[in-house]
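> dropping a prediction and its sequence here:
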Amino acid sequence: MAAADSPSAGLRRRDLCSRGIRLAGKMRSDVMDLLDTYVEWQGLDASASVAAVEGVPVAAVERWDEQTGTQRLLENLAAYRAFRVLLAQMLEEQQEQLGEADTALGRALAAVLLQVSAFTYHLEELLQLESRGTPSEEVAVPAPPSQLGLFERKLRGLGVLRELAQWAVRSARDLRQLAKPSPGISSAPSPDESP
């Protein structure tokens, strides 16, 4: 019996998934609070339309119900690694814009960045439990174009935070799917298990 199929590994996977679901819920709540703070500090309209931002992974997926558990974990891991880079860029831009002032926005960005890093580690732990290893740390997030004006950078940040909130929802859903008893993490869920 493979390590990923043993009863103790199954219990460990369900425990990690349960903790991950709680982490994703807390992260989403904090990102929503951060969005409010971000809009206020940046002087943006909360309903502003933002085009897709290059380098920002999209949470929406076609045929979600056909994905395997491993696919779900790998997509989540890639997304959160990208968000870690994007949030670090936003924090740096924030510090350049407002100086070293310890603003509520800067503290909130740093807190969410820490949560994203912790969640990334959590996903890596799940992949290791499944003996899948973790993919290399390469993240293809382009540096923000230096020619972007202040307003465009603000909109880019808004797009990053909105998509991160969507990923937190998707991650919780993916982890709920993974926590269900199944013959193995790589098995595709049945059609009646789709969200």
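Here it is on my side, so go on.

> what about stretch 89-109, start to end distance?
Taking CA to CA, to the nearest Å, stretch 89-109 runs 10 Å from one end to the other.

> meant to ask about stretch 91-107
9 Å.

> which residues touch the residue sitting nearest the centre point of the chain?
For the chain, the residue nearest the mean C-alpha position is Tyr80 (4.0 Å; CA atoms, centre = their mean). Taking CB atoms under 8 Å, 6 or more residues apart in numbering as the criterion, Tyr80 is in contact with Val116, Phe119, Thr120, Leu123, Trp167, Ser171. Glycine gets a C-beta too; all of them are placed from N, C-alpha and C.

> the third one and Ala78 touch, don't they?
No - between Thr120 and Ala78 there is no contact under CB atoms under 8 Å: 9.9 Å.

> now do the buried residues in the least confident helix or strand in the chain by mean pLDDT.
Lowest mean confidence among the helices and strands of the chain (mean pLDDT, DSSP states H and E): helix 69-98, at a mean of 90. By neighbour count on 16 or more other CB atoms under 10 Å, the buried set for helix 69-98 is 69-91, 93-94, 97.

> residue ranges of the strands in this protein, please?
For the chain, applying DSSP state E gives no strands.

> with neighbour count and pLDDT as extra columns, can I get the contacts of Tyr80 in TSV?
Formatted as TSV, the contacts of Tyr80 follow (neighbours: other CB atoms under 10 Å; pLDDT from 0 to 100):
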residue	neighbour count	pLDDT
Val116	25	97
Phe119	24	97
Thr120	21	96
Leu123	27	94
Trp167	27	96
Ser171	27	96
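
> tell me which entries of those lie within helices.
Mapping those onto helices (DSSP state H) picks out Val116, Phe119, Thr120, Leu123, Trp167, Ser171.

> give me the low-pLDDT residue ranges for the protein?
1-6, 100-102, 131-146, 182-195 (pLDDT under 70).

> tabulate the contacts of Tyr80 (CSV), appending distance to Asp15.
Output for those, formatted as CSV (distance: CB to CB, whole Å):
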residue, distance to Asp15
Val116, 21
Phe119, 16
Thr120, 18
Leu123, 14
Trp167, 22
Ser171, 16
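
> wait, which of those is closest to Ser8?
Closest to Ser8 out of those is Leu123 (20.3 Å), distances taken as CB to CB.
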